[in-house]
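Student: how would this look folded up:
(2 chains)
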Amino acid sequence: DTGVSQDPRHKITKRGQNVTFRCDPISEHNRLYWYRQTLGQGPEFLTYFQNEAQLEKSRLLSDRFSAERPKGSFSTLEIQRTEQGDSAMYLCASSLEVAGAGANVLTFGAGSRLTVL
Amino acid sequence: GQNIDQPTEMTATEGAIVQINCTYQTSGFNGLFWYQQHAGEAPTFLSYNVLDGLEEKGRFSSFLSRSKGYSYLLLKELQMKDSASYLCAVPGNTPLVFGKGTRLSVIA
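Tutor: The predicted structure is shown next:
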């Protein structure tokens, strides 16, 4: 397994355009998470899936943001009508959630850096 | 909700020992994580503490006091490659909530 893969690694777009990021988690992991990170800050939670079900969305995730995990494997995060404030690193992580197993260690991908001009 | 506080920046000398502190407030404690993040790279898991005390793993150790809402990460025999951000995180009602991270600079 090559770990968590994210694509593209870098995206530059003009304000108002739509962008889509893809995440391929570790294959045996059932949970997939999206976080956003800006310079000098820690990752901020956006949303997460268990298999194909989206279990939670942060208040940070405005109506312009949508995430899917249609077959419980890869996930996409789409941002519509991008704004300059959306410029950030978008991190994907995955984990194997086993009931009663204790610590749920997240494995992160290298991220997709978005720059909105 | 969760609230996590850690110093923004620290500088230490190669070969020395450094302690990075983290204080947290959470409504339901379910362990504390430390992650390392080099500039431009993904955060990588370092340690997980759920019981009080010190957990040692090579040059890195992590300590937890649940009653004080306090943890620290101890790095020994510092190397230049240890220059990175160190993120303290706690799970809550939502998946991991991260602090802002402590940027450690190791100097010769």
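Student: show me the contacts for A:C23.
Tutor: For A:C23, the contacting residues are A:4-6, A:32, A:34, A:74-77, A:92, A:94, A:109, by CB atoms under 8 Å, 6 or more residues apart in numbering or on different chains. From N, CA and C alone the C-beta is placed, and that goes for glycine too.
Student: hmm, try it at 7 Å
Tutor: Contact partners of A:C23, counting by CB atoms under 7 Å, 6 or more residues apart in numbering or on different chains, are A:4, A:6, A:32, A:74-75, A:92, A:109.
Student: who wins for neighbours among those residues?
Tutor: A:C92 (30 neighbours; other CB atoms under 10 Å in any protein chain shown).
Student: can you tell me the closest non-neighbouring residue to that residue?
Tutor: Setting aside the residues directly before and after it, A:C92 is nearest to A:C23 in space (CB to CB, 6 or more residues apart in numbering or on different chains), at 3.4 Å.
Student: okay, and the beta partners of that neighbour?
Tutor: Counting by DSSP bridges, A:C23 is bridged to A:Q6, A:S75.
Student: from chain B, how far off is A:R59?
Tutor: Going from A:R59 to chain B by CB to the nearest CB, to the nearest Å gives 11 Å.
Student: A:L91 and A:R36, how far apart?
Tutor: As judged by CB to CB, to the nearest Å, A:L91 and A:R36 stand 7 Å apart.
Student: can you list the contacts of A:C23 in CSV and add pLDDT?
Tutor: Rendered in CSV, the data for the contacts of A:C23 read as follows (pLDDT from 0 to 100):
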residue, pLDDT
A:V4, 96
A:Q6, 97
A:L32, 96
A:F74, 96
A:S75, 97
A:C92, 98
A:G109, 96
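Student: can I get those in JSON lines including distance to B:F33?
Tutor: Below are the contacts of A:C23 laid out as JSON lines (distance: CB to CB, whole Å):
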{"residue": "A:V4", "distance to B:F33": "17"}
{"residue": "A:Q6", "distance to B:F33": "21"}
{"residue": "A:L32", "distance to B:F33": "18"}
{"residue": "A:F74", "distance to B:F33": "25"}
{"residue": "A:S75", "distance to B:F33": "22"}
{"residue": "A:C92", "distance to B:F33": "17"}
{"residue": "A:G109", "distance to B:F33": "17"}
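Student: among those residues, which one lies nearest to chain B?
Tutor: A:G109 (5.8 Å; CB to the nearest CB).
Student: setting aside sequence neighbours, what's the nearest residue to that closest one?
Tutor: Leaving aside its chain neighbours, A:G109 sits nearest to A:V4 (3.6 Å; criterion: CB to CB, 6+ apart).
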